[in-house]
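Enquirer: dropping the sequence and predicted coords here.
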Amino acid sequence: MSRTYAKKLQRWATVLGAAIAFSSQSFMACAQDAAMAQADEAYARSIVEKADQVRFPAEAFQVDIVINTAQPERALETRKYRVLSKGNENTIVMITEPASERGQIILMKGRDLWVFMPEVSQPVRISLAQRLTGQVANGDLARANFAGDYNPKLLRSETIDGESYLVLELAAVDRSVTYQKVVYWVNQKNSWPLKAEFYSLSNRLLKTCRYENFRTLAGKVRPTRLVMEDALRSGEKSVLEYSEMKLRALDDKMFTKDYLKKLQ
């Protein structure tokens, strides 16, 4: 073998070794980045799950909700609901006031919603994002499962009134959920939600929500007052007051179209 050929082989071996080393380092870096991303996502999801558990029990429960809606130059509108919920996939929302709408019932199964009206023989399909009353969408009462409906990402931390809050961006898993994006503030110490911003598919801020008046309901301290304000029309807001929350055994057969006819 000539010296020239031997030197060429040596150079190629050096280049090949460097390429292998670089590829190995790049692979390791990508693997580390992927592992870190998974860990970050798991941490963000755990924050949202804990906040969900603060807002509502994991067990089956019943709660009464009064919604007062204020609009400029219009009288205050009051509506009352009773909500029966089991897990994150089964909810019944019954209108108790006004009397003219009593008997109307919303059934949620997963992300599917139907409204039952006494004067209509067949249930009508509706969406989570459709407005129920004032600033309140159907999904705000029927499905408040942030952990199941959104992919969370931790954006930053903020100090507000001396408390540390984690700020998360929640991206909708698909277009069927109530909002396409939520920015969510959660207390780092106790997982209490502070506020949320709700966005449309075009990334337009629709409304804001504040979680207030924390007190014990169904054995745990929870927000009992939600203030939802329209981000597009000044002075329009709905205040939700939660009361009489209690754990209750609810049979699966209750969450069926046939059973709801008995509740009307």
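Expert: Ah, there it is.

Enquirer: in the longest strand seen in the chain, what counts as buried?
Expert: Secondary structure assigned by DSSP state E gives strand 205-217 as the longest strand of the chain. Neighbour-count burial for strand 205-217 flags 206-211, 217 (criterion: 16 or more other CB atoms under 10 Å). Yep, even glycine has a C-beta here, placed from its N, CA and C like the rest.

Enquirer: hey, where'd the strands end up in the stretch 151-264 of the chain?
Expert: For the stretch 151-264 of the chain, strands defined by DSSP state E, counting those that start in this stretch occupy the ranges 163-172, 181-187, 193-199, 205-217, 220-230, 237-247.

Enquirer: can I get the ones you listed in a markdown table including distance to Val124 and mean pLDDT?
Expert: Shown next, in a markdown table, are those (distance: least, CB to CB, whole Å; pLDDT from 0 to 100):
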| stretch | distance to Val124 | mean pLDDT |
| --- | --- | --- |
| strand 163-172 | 24 | 97 |
| strand 181-187 | 27 | 98 |
| strand 193-199 | 24 | 98 |
| strand 205-217 | 24 | 97 |
| strand 220-230 | 24 | 97 |
| strand 237-247 | 23 | 97 |
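
Enquirer: I'd like the buried residues of strand 205-217 written out as CSV, with distance to Glu236 added.
Expert: Shown next, in CSV, are those (distance: CB to CB, whole Å):
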residue, distance to Glu236
Leu206, 12
Lys207, 9
Thr208, 12
Cys209, 14
Arg210, 15
Tyr211, 19
Leu217, 27
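
Enquirer: just give me the neighbour total for Gly139.
Expert: Here the number of neighbours of Gly139 (other CB atoms under 10 Å) works out to 23.

Enquirer: same question for the one 5 residues further on.
Expert: Burial measure for Ala144: 17 neighbouring residues, criterion other CB under 10 Å.

Enquirer: and it, what does it touch?
Expert: By CB atoms under 8 Å, 6 or more residues apart in numbering, the residues touching Ala144 are 52, 55-56.

Enquirer: ok, and the most crowded of these?
Expert: In terms of neighbours by other CB under 10 Å, these top out with Phe56 at 20 neighbours.

Enquirer: the nearest residue to that one once chain neighbours are set aside and Arg79, how far apart?
Expert: Once flanking residues are discounted, Phe56 sits nearest to Ala144: 6.2 Å by CB to CB, 6 or more residues apart in numbering. Distance of Ala144 to Arg79, computed by CB to CB, to the nearest Å: 18 Å.

Enquirer: report the secondary structure state of Leu128.
Expert: With DSSP: H, G, I helix; E, B strand; the rest coil as the basis, Leu128 sits in coil.

Enquirer: rewinding a little: from Ala75, how far out is the residue nearest to Phe56?
Expert: According to CB to CB, Ala144 and Ala75 sit 28 Å apart.

Enquirer: and what of Tyr165?
Expert: 36 Å.

Enquirer: now swap in Glu89 and tell me
Expert: Separation of Glu89 from Ala75 (CB to CB): 37 Å.

Enquirer: need the contact list for the residue nearest the centre of the chain.
Expert: The residue lying closest to the centre of the chain (CA atoms, centre = their mean) is Phe146, at 2.3 Å. By CB under 8 Å, 6+ apart, the contact list for Phe146 reads 48, 51-52, 152, 170, 182, 184.
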